[in-house]
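Visitor: heads up, no residue letters with this:
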């Protein structure tokens, strides 16, 4: 596996791309689309598989994030299944979260069955689908790939997690324990390239949070999914995508939602501390007799706040991954939403202008 990945990187590095056109992310909203979405009476609707028996902590993180971005998020349990009323109306996105290991040999498992139904629904109706951790494994399983335990050494140490020190030395942040490499040519690469403002078409690398014990095995005879990202250290599959029409089914083995949440919490703590320090410093300053000191303290506070508010490369990458899904969901909603002109024409019929 690792030898194949090394050859993959070597071939990429030796292939010179003379095309100077920047990679284009297909689902970036233009100004009119953003305005239309802003004034829509309804919100784009996302169905989320919600299993109280496992995976709810990280599932809740993404639910909160998506709600904050203006989505209508509807959790549906495996027991409710496709009989849930949410499936009677429009669906703009589907999310399969992480959870316990996939019982690959147990077709009677309710969650596994529901995951398969949602995967097939997304493909048959061209609905954007996001699978994270177990969610990616489920996508792989239902596309004919083997889902197996990650490799261990003789002492049963999972080799996938042997590189924490290397990552920590770079980041000084215990949030991250692995690194992903994404090469040019996929829509994920385009999403990352756009968000990160990557200068050329070289490989994009970023640090991630991995928590899994299974993985999707690559299969040269099965090309139903495109492998878009691999682990830098062991070459294991970290991300996949499949175009189902206009939209994509995508999967991430790592947890971008965890990175986004942790970075947000740390930022809030740091900003609160800056505010406390600033108030404490200002308490000793007389603005009348010492305006220069007042300016210095405020300027120092603003500088620190600006530094904290700047998103790191890894945080931006995590948001680009989730954005790959969420922006598709918005486009899917806009496909069937009445256009601004149509809405105006309809309103004019019933509400003639005053004279």
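Guide: Thanks, I have it. Since we're looking at a predicted model, the values are computed, not measured.

Visitor: okay, CA-based contacts and neighbour counts for the rest of this
Guide: OK.

Visitor: List the contacts of residue 319.
Guide: Counting by CA atoms under 8 Å, 6 or more residues apart in numbering, residue 319 touches 256, 260.

Visitor: can you check residue 76 too?
Guide: 47-50, 84.

Visitor: Can you name every helix or strand that whichever strand or helix holds residue 302 contacts?
Guide: Element membership of residue 302, judged by DSSP states H and E, is helix 291-309. Contact here means 3 or more CA pairs under 8 Å, 6 or more residues apart in numbering; DSSP states H and E; on that basis helix 291-309 packs against helix 256-282.

Visitor: Mean confidence (pLDDT) on the helix it packs on, please.
Guide: For helix 256-282, mean pLDDT rounds to 96.

Visitor: start the count at 304, not 1, going forward
Guide: With 304 as the first residue, the last one maps to helix 559-585.

Visitor: Between helix 594-612 and it, find me the angle.
Guide: 170 degrees (axes from the mean of the first three to the mean of the last three CA atoms, to 10 degrees).

Visitor: picking that back up, out of the contacts of residue 379, which are inside strands?
Guide: Among the contacts of residue 379, the members found in strands (DSSP state E) are 350-352.

Visitor: quick revisit: mind giving me CSV with the contacts of residue 379 and columns for distance to residue 325, neighbour count and pLDDT?
Guide: Shown next, in CSV, are the contacts of residue 379 (distance: CA to CA, whole Å; neighbours: other CA atoms under 10 Å; pLDDT from 0 to 100):
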residue, distance to residue 325, neighbour count, pLDDT
350, 33, 20, 99
351, 34, 22, 98
352, 36, 25, 98
353, 38, 23, 98
387, 43, 13, 98
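
Visitor: sorry, back to before: let's have the ones in strands among the contacts of residue 379 in a markdown table, adding distance to residue 439.
Guide: A markdown table is the format used below for the ones in strands among the contacts of residue 379 (distance: CA to CA, whole Å):
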| residue | distance to residue 439 |
| --- | --- |
| 350 | 16 |
| 351 | 14 |
| 352 | 13 |
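
Visitor: still on that earlier bit, show me how far the very next helix or strand once past the helix holding residue 605 is from its chain's centre.
Guide: Using DSSP H and E, the helix or strand that follows helix 594-612 towards the C-terminus is helix 616-639. Distance of helix 616-639 from the chain centroid (CA atoms, centre = their mean, to the nearest Å) equals 7 Å.
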